[in-house]
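Student: based on what follows, work out the 3D shape:
(one chain, ligands or ions: 1)
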Amino acid sequence: MKPTHIEHIGIAVRNLEESISFYENVLGLKCYAVEEVKDQKVKTAFFMVGQTKIELLESTEPEGPIGKFIEKKGEGLHHIAFAMEDVGEALKEAESNDVRLIDKMPRKGAEGLSIGFLHPKSTNGVLMEFCGK
Ligand code: ZN
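Tutor: You can find the predicted model right below:
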């Protein structure tokens, strides 16, 4: 299975409000959604750039995945999400190619989409997400 496009790029930020203002005032993009994903202990903000979204991620708890990431590496590029027609199938296919998975089964992400992460150890240090319906 091949991705149809880059669905979004996830960026870890310390302060969602301040970061939204950069994207709106400097890049002229409009934040069209702010959503809390309890499961991942994050608050997200979305911008559309062509077919691709920018997803800003602020941790709601220091021990959440984004909180730990910022603590270790600071703010910055967190993950790249590929749009997949069938996330479950795409994960299975990756696994059958000996790719280490973080999620063996799709789970629910922001915007009600199915998501699944591949382990950065298998993807040149880039946290990769499959994302779809
Ligand atoms: Zn994502």
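Student: for the chain, just list every one of the helices.
Tutor: 16-25, 65-73, 87-96 (DSSP state H).
Student: hmm, the second one in reach of the ion?
Tutor: No: contact between helix 65-73 and the ion, assessed by Cβ under 5 Å from the ion, is absent, since the two come no nearer than 10.7 Å. No exception for glycine: its C-beta is placed from N, CA and C like everyone else's.
Student: can you list contacts of that helix?
Tutor: 12, 14, 40-42, 57-59, 61-62, 78 (Cβ atoms under 8 Å, 6 or more residues apart in numbering).
Student: ok, now the last one?
Tutor: Contact with helix 87-96 is made by 1, 84, 101, 103-106, 114-116, 118, 130-132, as judged by Cβ under 8 Å, 6+ apart.
Student: let's see 10 Å
Tutor: With Cβ atoms under 10 Å, 6 or more residues apart in numbering as the test, helix 87-96 has contacts from 1-3, 82-84, 86, 99-107, 109, 113-119, 122-123, 128-133.
Student: by mean pLDDT, point me to the weakest helix or strand of this protein.
Tutor: None of the helices or strands of the chain scores lower by mean pLDDT, DSSP states H and E than strand 107-108, at a mean of 90.
Student: show me what it is packed up against.
Tutor: If contacts are counted by 3 or more Cβ pairs under 10 Å, 6 or more residues apart in numbering; DSSP states H and E, strand 107-108 sits against strand 114-118.
Student: pull out the CA atoms of the strand it packs on and give them to me as CSV.
Tutor: Coordinates of each C-alpha in strand 114-118 appear next as CSV, following Å, rounded to 0.1, in the frame of the first residue of the first chain:
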residue,chain,number,x,y,z
SER,A,114,-7.5,6.2,12.4
ILE,A,115,-3.8,6.5,13.1
GLY,A,116,-0.9,4.1,13.8
PHE,A,117,2.8,4.9,14.4
LEU,A,118,5.9,3.1,13.2
